[in-house]
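Trainee: After the sequence you'll find the predicted model.
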Amino acid sequence: MSSTDPVCENDFGRAKTSGWSPLSRSGMAVALRSRDHVIGVLTVEYDSPDRISHDDEIWFGGLASNLALSIDNAQWFSRIRSLGAEAERNRLARDLHDRLAQSLAYVAIELERMDRSQGGGTELERLCNVVRDVVA
């Protein structure tokens, strides 16, 4: 995991490495790195020895770089999308709150007007107080 280059082994029978499939005879592995963090591991294993050329190692390293970048981009896109959805939820909540508060304030004003027209002290006054409490 500490290497930035692919680790290749052409014959597990001669090698003193572990961690590969017991049926494999050769293979390559490379850490997928993004922003100096390992985000995954890419491996290719073969059931016969001596399958890996120097060109294969170079290609594999390039593939790992592109794959790590793609994974990192997908993770950032997901985070950004989540933040966007959260911002939209907050905007909708504020909008709903503002509309509801305005509507309730209007209802309270109308109840107060109706109560005054009836001389005060009615059920309308108590209802108006309930609506004011809800707005607050």
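Mentor: Ah, there it is.
Trainee: When you work out contacts or count neighbours from here on, use the C-alpha atoms and nothing else.
Mentor: OK.
Trainee: For the most far-flung residue of the chain relative to its centre, what are phi and psi?
Mentor: Note on the chain: the largest C-alpha distance from the chain mean falls to Gly119, namely 59.9 Å (CA atoms, centre = their mean). The main-chain torsion angles of Gly119 are listed as degrees, to the nearest 10 and equal phi 100, psi 0.
Trainee: how close does it get to Glu112?
Mentor: 11 Å (CA to CA, to the nearest Å).
Trainee: repeat for Thr4
Mentor: In this structure, Thr4 lies at 75 Å from Glu112, with CA to CA as the measure.
Trainee: Of those two, which one has the most company?
Mentor: The residue with more neighbours, out of Thr4 and Glu112 and counting by other CA atoms under 10 Å, is Glu112; that gives 19 against 15.
Trainee: In contact with the more buried one, which residues?
Mentor: The neighbours of Glu112, taking CA atoms under 8 Å, 6 or more residues apart in numbering as the test, are Leu124, Glu125, Cys128.
Trainee: Low-confidence bits of this protein, can you list those?
Mentor: Counting by pLDDT under 70, the ranges of the chain that qualify are 1-2.
Trainee: rerun at 80
Mentor: Judged by pLDDT under 80, the chain has its weakly predicted residues at 1-4, 13-20, 119-122, 135-136.
Trainee: With distance to Glu45, neighbour count and secondary structure added, can I get the contacts of Glu112 in JSON lines?
Mentor: What follows is the contacts of Glu112, written out as JSON lines (distance: CA to CA, whole Å; neighbours: other CA atoms under 10 Å; DSSP: H, G, I helix; E, B strand; the rest coil):
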{"residue": "Leu124", "distance to Glu45": "81", "neighbour count": "19", "secondary structure": "helix"}
{"residue": "Glu125", "distance to Glu45": "81", "neighbour count": "18", "secondary structure": "helix"}
{"residue": "Cys128", "distance to Glu45": "77", "neighbour count": "22", "secondary structure": "helix"}
